[in-house]
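Novice: give me a model of this one.
(3 chains)
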Amino acid sequence: MSTPLLYALAGVGLCLLGLYGLIVYAHLLRKILALNIMGSGVFLILVALARRSGDSPDPVPHAMVITGIVVAVSATALALVLLVRFSAATGRNQLDDDEHSP
Amino acid sequence: MGAAMTEAGLFLLDLLLVLTLLCLAWWSLAATDLFKGIVLFIAFGLVLALAWVRLDAPDVALAEAAIGAGLTGALLLTTLSKLASSIDNPPAKRSSPVLLWVLLVMLAAVLGYAIMSLPQQAQGLADTVASQMGNSGVEHPVTAVLLNFRGYDTLLEMAVLLLALIAAWSLAPRAATSCEMDEALTVSPIVLALFRMLIPLMILVAAYLLWVGAHAPGGAFQAGSVLAAAGVLALLCGKRLEGRLAGWPLRLGLVLGTAMFVAVAAAVMVGGAHLLQYPLASAGKLILLIEAAATFSIGLTLAMLFSGQRPSRGPAS
Amino acid sequence: MWNSLSIVLIMIGMVFFIAGTLGLLRFPDVYTRLHALTKADNVGLGFLVAGLMLQADSLTTALLLLLIWVLVMLAGAGAGQLVAQAALQRQHPVAKSQDDGRGHD
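Specialist: Numbering: from 1, shown residues only, chains lettered A, B, ... in the order given. You can find the predicted model right below:
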């Protein structure tokens, strides 16, 4: 198996892990972690596919991923501020299940 | 034979890296102690930086190590300290219905099939970028894409960063008076000594990364995140912005990057070019100007996001 | 000649890293683990950097490698001290020691 393929498949694995964690775990901090891991998986697929062009890799996906990393940290910071506010307001770290809400 | 052995060894290294990544991601998500989970996530980011190096993406590796692992980790840890408890034992779980597993398996199959069916060799845009490098004003392809060919994306990204901070500020409670916070904080003298030694060095490294970005891996985002790390260190040592700097000078610093970007974009339009189409003769200088302003603003914005609250404006407000 | 010297230095560095990792995994308490980690890694990285400096193609690269070593040592010293202090504050037990809260921190 070629190196780009291996890393791209690992990226798929990370995406699935993140998606599973995002849906299954209730603690909001865990959900934020899962979202970040999912994002890392997407980045890994992009950069791995950019590596297929032989000697010098395709710089466009690299630039996209650098942009993506900065956007991800901004979104994470905002999510964390929301979490702190939510936790302070309700004293809870997880959202209500749909079944319990009216 | 030597080449074949190197090949096999490198493949083994790749396999090991990939497995470590998947394991760390899983352990990080499933850890009963959230603190442990975050530390594992930071380790995940650092191993991911190694993976970027193996994929010939040193720019991404720099950004990942500084932002993905470092700053995100610091943000997560400081949030955890504001929550009531770090223990979530056993991890609160929704019952995972059959539907979820069906979805995951289908997604795995589709994504796996899509990736396996892609051609093994693909030039992508590498040749296009290489042929246009002479018109970019810089010698490093990633910087050329970020600041010239796809400058529009980067401009919007600066705006996203600013928006995130505005949103965070409007949600967060205004900071308690700064004196009160500083008293509660006891900083070890060794950390203070480290702080005094590292801050000048970090500023130097940021300047170096900014300068070197024109022809080698580096650039505004990596430099900005090193500056942000310096800011985080300063915040951890109990340093706060002086009251007279926390008002409009701070806001000016935060919008400087976006403003400079927009100003340059508009200025070249006056000269008859398209948006962000730099004249060839001054492209290098314009890119450096934008990057310098962006570095400063990125560093300041990320550090402010870490502090998580609007700095108090001192006695005036 | 230089090449083999470089390889030998890097190998010595790896041995220190393996020893440090073993210590981290096997030592009984926080303090001895820190000792294994910071001491062995500082020396190990020193050898590694020395070996790599011989491979560097310019003086600048060699000096940058040296700078990395100095920075890692600084960070390691700071972080090690912080972890030890946090462990003391939480009265993390010292393995095989009768006087647990020895009063000096």
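
Novice: ok, the longest helix seen in chain A near chain B or not?
Specialist: In terms of residue count, the longest helix belonging to chain A (DSSP state H) is helix A:59-90. Yes: counting by C-beta under 8 Å from any C-beta of the partner chain, contacts between helix A:59-90 and chain B involve A:59-67, A:69-78, A:80-85, A:87. For every residue, glycine as well, the C-beta is placed using N, CA and C.

Novice: just the buried residues from the residues you listed, in ChimeraX please.
Specialist: Selection command for ChimeraX covering only the buried members of these, criterion 16 or more other C-beta atoms under 10 Å in any protein chain shown:
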select /A:59,60,61,62,63,64,65,66,67,69,70,71,72,73,74,75,76,77,78,80,81,82,83,84,87
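
Novice: grab the nearest non-local neighbour of the closest residue to chain C within the stretch 51-200 of chain B.
Specialist: Chain C sits closest to residue B:194 of the stretch 51-200 of chain B, with a gap of 4.4 Å, by C-beta to the nearest C-beta. Nearest residue to residue B:194 in three dimensions, chain neighbours excluded: residue C:78, at 4.4 Å (C-beta to C-beta, 6 or more residues apart in numbering or on different chains).

Novice: would you confirm that that neighbour contacts residue B:192?
Specialist: No: using C-beta atoms under 8 Å, residue C:78 is not in contact with residue B:192, being 10.2 Å away.

Novice: with neighbour numbers in mind, choose between the two.
Specialist: More crowded of residue C:78 and residue B:192, by other C-beta atoms under 10 Å in any protein chain shown: residue C:78, with 19 against 12.

Novice: list the contacts of the more buried one.
Specialist: B:190-191, B:194 (C-beta atoms under 8 Å, 6 or more residues apart in numbering or on different chains).

Novice: any chance of a PyMOL selection covering the buried ones in the residues you listed?
Specialist: In PyMOL, a selection of the buried entries from the contacts of residue C:78 looks like this (16+ other C-beta under 10 Å):
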select buried, chain B and resi 191+194
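
Novice: of the contacts of residue C:78, closest to residue B:9?
Specialist: Checking the contacts of residue C:78 against residue B:9 by C-beta to C-beta gives residue B:194 as the nearest, at 37.9 Å.

Novice: how many neighbouring residues does residue C:1 have?
Specialist: By other C-beta under 10 Å, the residues close to residue C:1 number 6.

Novice: the one 3 residues further on too?
Specialist: Residues near residue C:4, counting by other C-beta under 10 Å, number 9.

Novice: now residue B:4
Specialist: 8.

Novice: now, the contacts of residue C:78 that are in helices?
Specialist: Using DSSP H, the subset of the contacts of residue C:78 located in helices is B:190-191, B:194.

Novice: for the nearest residue to residue B:87 once chain neighbours are set aside, grab phi and psi.
Specialist: For residue B:87, ignoring the flanking residues on the chain, the nearest one in space by C-beta to C-beta, 6+ apart is residue B:33 at 5.8 Å. Residue B:33 adopts backbone torsions of phi -90, psi 120, taken as degrees, to the nearest 10.

Novice: ok, now residue B:93?
Specialist: phi -130, psi 140.

Novice: give me the pLDDT for it.
Specialist: At residue B:93, the pLDDT value in this model is 77.

Novice: give me the neighbour count for it.
Specialist: Applying other C-beta under 10 Å, we find 13 other residues in the vicinity of residue B:93.

Novice: any stretches of chain B with poor pLDDT?
Specialist: B:1, B:85-86, B:89-90, B:96, B:174-185, B:312-317 (pLDDT under 70).

Novice: just want the most central residue of it.
Specialist: With distances taken as C-alpha atoms, centre = their mean, residue B:67 lies nearest the centre of chain B, 3.4 Å away.

Novice: quick check: that one is in a helix.
Specialist: Yes: Residue B:67 forms part of a helix when assessed by DSSP: H, G, I helix; E, B strand; the rest coil.

Novice: that one against residue B:221, yeah?
Specialist: Yes: contact criterion C-beta under 8 Å: residue B:67 and residue B:221 qualify, at 7.5 Å.

Novice: identify the contacts common to these two.
Specialist: A:69-70.

Novice: tell me which helix or strand of chain A sits lowest on mean pLDDT?
Specialist: helix A:59-90 (a mean of 90; mean pLDDT, DSSP states H and E).

Novice: what packs against it?
Specialist: Applying 3 or more C-beta pairs under 8 Å, 6 or more residues apart in numbering or on different chains; DSSP states H and E, one finds that helix A:59-90 contacts helix A:28-50, helix B:58-63, helix B:72-82, helix B:126-132, helix B:141-144, helix B:151-171, helix B:220-236, helix B:283-307.
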